[in-house]
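Asks: What follows is a predicted protein model with its sequence.
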Amino acid sequence: HGDVDVARVPGGGTSARLRVQAPVHVQSMSHDRSTRVLLVDDNDVNRRLAAAMLGKLGVATDVVDSGEAALDAMRETAYGLVLMDVQMPGMDGREATRAWRTQGEGATTADVPIVALTAHVGQAERDACRDAGMVDYLSKPFGLDDLSHMVQRWLEAPAGPTAEDAVPAPADQTADSASR
């Protein structure tokens with residue numbers, strides 16, 4: 001599904017806008033990065049729903065229910081993306097992210113993209129997540145399209161994303177080009 005808009009540019013040339021919605025077919029751009037996702041959430045219903053959506057996207061996913069379990073999983077398995085609930089009992093998502101960024105040693109790289117899963121979308125929450133080392137956020141409740149976009153964005157990104165690389169995700173995927 002999608003559309004194309006083509007327009008003449010004053011002074012000569014053409015401007016084209018392509019808007020598409022496509023299913024995720026994950027192929028890592030870096031052969032050193034895993035395409036496996038770690039989903040971390042203490043709420044059973046949230047875990048089941050997100051895992052089912054990731055399955056529908058065809059993404060290999062492991063699921064754990066705490067920050068401590070996330071650190072253990074990242075030591076044992078290489079992940080290309082971590083979806084981390086922010087508010088969990090015990091070690092919360094920000095604390096687990098900080099710990100991995102500073103002392104992460106194991107199968108998953110220390111610079112793995114970690115995306116915050118949170119119901120709080122205020123700027124203070126975004127800043128706290130970024131300061132902890134999370135590269136992006138996904139607001140709960142989220143739908144399949146939102147999750148698909150996030151998976152495409154971070155699993156297909158080059159290794160080593162930083163918080164400075166993160167920009168607010170657009171509502172759809174848009175590519176603009178102009179030629180003269």
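Replies: Structure received.
Asks: residue ranges of the helices in the protein, please?
Replies: Secondary structure of the chain by DSSP state H: the helices cover 44-56, 67-76, 93-103, 123-132, 144-155.
Asks: do you know how far residue 118 is from residue 56?
Replies: Note on residue 118: its distance to residue 56, by CB to CB, to the nearest Å, is 22 Å. Placement of C-beta: from N, CA and C, glycine included.
Asks: give me the low-pLDDT residue ranges for the chain?
Replies: Applying pLDDT under 70 to the chain picks out residues 1-9, 11, 13-32, 157-180.
Asks: Geometric centre of it: which residue is closest?
Replies: In the chain, the residue lying closest to the centroid (CA atoms, centre = their mean) is residue 150, at 4.1 Å.
Asks: Contacts only, for that one.
Replies: Contacts were defined as CB atoms under 8 Å, 6 or more residues apart in numbering; by that measure residue 150 touches 83, 115, 136, 138, 169.
Asks: Just the buried ones among those residues, please.
Replies: In those, burial by neighbour count holds for 83, 115, 136, 138, counting by 16 or more other CB atoms under 10 Å.
Asks: Just the ones in strands from those residues, please.
Replies: Assignment to strands by DSSP state E places the following of the buried ones among the contacts of residue 150 there: 83, 115, 136, 138.
Asks: what sits up against stretch 60-71?
Replies: If you take CB under 8 Å, 6+ apart as the criterion, stretch 60-71 is touched by 35-42, 44, 47, 51, 54-55, 72-73, 77, 79, 82, 84, 88-93, 95-96, 99-100, 104.
Asks: Just the buried ones from these, in PyMOL syntax?
Replies: A single PyMOL command is used to select the members of these judged buried by 16+ other CB under 10 Å:
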select buried, resi 35+36+37+38+39+40+41+42+47+51+54+73+79+82+84+88+91+92+93+95+96+99+100+104
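Asks: the more surrounded of residue 118 and residue 56?
Replies: Ranked by neighbour count (other CB atoms under 10 Å), residue 118 and residue 56 place residue 118 first, with 22 against 13.
Asks: Tell me what that one is bridged to.
Replies: On the basis of DSSP bridges, residue 118 is bridged to residue 139.
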